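J.: After the sequence you'll find the predicted model.
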Amino acid sequence: MTILSVNINKIALIRNSREGNTPDVIQIAKDCELFGAQGITVHPRPDERHIRYTDCSELKEIVTTELNIEGYPSDRFIDLIHEVKPHQVTLVPDAPDALTSDAGWDTLKNKSFLTEVISELKKTNARISIFIDPVEQLIEGAAEVGTDRIEFYTGPYAALFPQDASRAVSKYANTAKFATQLDLVLNAGHDLNLDNLKYFKDNVPNLSEVSIGHALISDALYYGLEKTIQKYRACLK
């Protein structure tokens with residue numbers, strides 16, 4: 001079974017659009033776990049437009065499955081990881097003003113930087129994953145910087161899937177095998193949804209975990225949160 005980690009950034013975005021604490025991010029995280037989520041993902045941005053840094057500390061106190069914190073490894077982010085000590089840290093190469101993650105790391109150009117950052121973050125005993133595109137040279141570079149996992153950036157897969165599902169998944173399927181040979185565990189995320197998730201899972205070997213936020217929270221507006229999480233879990237069986 002591939003693990004489903006629910007990204008609750010969109011819940012925080014709605015909360016932040018008004019004063020107060022509605023919807024309650026902490027309660028939603030508890031409910032996601034109650035309804036079957038096997039992890040909670042958050043991605044605090046420098047402007048805190050959705051998840052706030054203080055949310056991360058509160059979530060660590062109540063998450064009973066796995067807390068995954070994503071972000072660019074700025075000094076402030078690294079300090080947060082040392083404070084919160086999440087189960088997993090996912091490093092993304094986003095610019096401070098990025099709307100959303102839209103590319104993986106160039107592990108060749110950033111080899112020294114990533115090696116240093118990962119070494120520092122492993123002092124917290126967190127598992128480290130890095131966001132990456134399905135390119136063998138970059139995956140080989142990921143193994144060299146000391147990460148435990150890679151997270152496939154699946155935006156291109158989702159964009160091509162409606163036109164040609166087989167071609168959309170082929171690079172991910174092939175490079176997944178290569179990553180496994182390098183002892184890297186595989187995560188995936190970005191634009192995965194109820195239409196394309198099962199096909200991705202069925203065709204990408206050794207997929208350990210997916211983190212899904214935007215599509216899942218959007219689907220919950222129609223199906224309700226509990227039924228939506230059950231639908232996504234069913235895609236991963």
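T.: On my side now, so go ahead. Residues are numbered from 1 along each chain as shown.

J.: Next up, the contacts around the residue nearest in space to the middle of the chain.
T.: Central residue check for the chain by C-alpha atoms, centre = their mean: the C-alpha nearest the mean position is that of Ser211, 4.3 Å away. Taking C-beta atoms under 8 Å, 6 or more residues apart in numbering, we find Ser211 in contact with Ser5, Val6, Asn7, Gly39, Thr41, Asn68, Glu70, Thr90, Glu151, Asn187, Gly189. Every residue, glycine included, has its C-beta placed from N, CA and C.

J.: His50 too?
T.: For His50, the contacting residues are Asn9, Lys10, Ala12, Leu13, Asn16, His43, taking C-beta under 8 Å, 6+ apart as the criterion.

J.: Repeat the analysis, applying 6 Å as the threshold.
T.: Asn9, Ala12, Leu13 (C-beta atoms under 6 Å, 6 or more residues apart in numbering).

J.: any idea of the pLDDT on Leu99?
T.: Reading off the confidence values, Leu99 has pLDDT 54.

J.: likewise Leu59?
T.: The predicted local distance difference test score for Leu59 is 98.

J.: Packing partners of the strand or helix carrying it?
T.: For Leu59, the element it lies in under DSSP states H and E is helix 53-62. Counting contacts by 3 or more C-beta pairs under 6 Å, 6 or more residues apart in numbering; DSSP states H and E, the secondary-structure elements packed against helix 53-62 are helix 25-34, strand 67-71, helix 75-84.

J.: for the ones you listed, which one ends up most surrounded?
T.: Of all the helices and strands packed on helix 53-62, strand 67-71 carries the top mean neighbour count, a mean of 25, counting by mean count of other C-beta atoms under 10 Å.

J.: ends of stretch 59-67, how far apart?
T.: According to C-alpha to C-alpha, to the nearest Å, stretch 59-67 extends 8 Å from its N-terminal end residue to its C-terminal end residue.

J.: what comes into contact with that stretch?
T.: Residues outside stretch 59-67 that contact it (C-beta under 6 Å, 6+ apart) are Ala29, Glu33, Gln38, Gly39, Ile40, Val84, Pro86, His87.

J.: Would you mark the buried spots in the longest helix along the chain?
T.: With residue count as the measure and DSSP state H as the assignment, the chain has helix 165-181 as its longest helix. Of the residues in helix 165-181, Ala165, Ala168, Val169, Lys171, Tyr172, Thr175, Ala176, Ala179 count as buried by neighbour count, 16 or more other C-beta atoms under 10 Å.

J.: Cool, thanks, signing off.
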